[in-house]
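Q: make a model of this:
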Amino acid sequence: MDVKTVCLGMLTDGPASGYDLKKEFESTFAHFFAAGYGSIYPALSRLSEDGLLTCEEIPQEGKPDRKVYCITDEGRQVLRDALKNTKPCHKIRSEFLATMCFAHLMEQEDIQAVLDHRLGDIAKYQELFRSIEQDGLCDWPQGAKFVLGFGKAVARAMENYIQENRHMLVEESATEAAVG
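A: So this is what the prediction gives:
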């Protein structure tokens, strides 16, 4: 699924600006789908050109006009068609894991710092999940609740794995340094 399709899905909840969608990517979607302004705005532009969204420009004093997007009936159909994919890919791109692949080339204190930083990021996600749950999860559709639960489970598993297995990297690094 690409950014355009996710934007269409987000807009089924109601009109929104690119800024509003970016905030959604940074909160509700943060643990599983990253997108920045550099991909959101081109996606919105293309979706508008294709007639899948309408755009209303709202004048703002001292600022550029605010563009608010609404999904069209055709956009809803394109989204429904995209959601018929019964084999969506589950990709994981992790700079953390790529770094850990080369832990044998790192200093012990650098490994510790990377692991501690990752645990800090996981703690931030867990706090985000708690915040989301406190802010009206009962109104969410079941699919969104499922995704939140999945994110919580993955975060718990990552935290547990790092805590239980960090000794593998530290011992390996210390052994390599002693031999090297």
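
Q: and the helix or strand of the chain with the lowest mean pLDDT, what does it pack against?
A: Least confident element among the helices and strands of the chain, by mean pLDDT, DSSP states H and E: helix 142-179 (a mean of 83). Applying 3 or more C-beta pairs under 8 Å, 6 or more residues apart in numbering; DSSP states H and E, one finds that helix 142-179 contacts helix 108-134. Glycine gets a C-beta too; all of them are placed from N, C-alpha and C.

Q: and the helix it packs on, what other elements does it pack with?
A: In terms of contacts (3+ C-beta pairs under 8 Å, 6+ apart), helix 108-134 is packed against helix 95-101, helix 142-179.

Q: next, format those as JSON lines and append distance to residue 84 and mean neighbour count.
A: Below are the helices and strands packed on helix 108-134 laid out as JSON lines (distance: least, C-beta to C-beta, whole Å; neighbours: other C-beta atoms under 10 Å):
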{"stretch": "helix 95-101", "distance to residue 84": "32", "mean neighbour count": "12"}
{"stretch": "helix 142-179", "distance to residue 84": "15", "mean neighbour count": "13"}
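
Q: for this structure, what are the low-confidence residue spans?
A: 136-138, 172-180 (pLDDT under 70).
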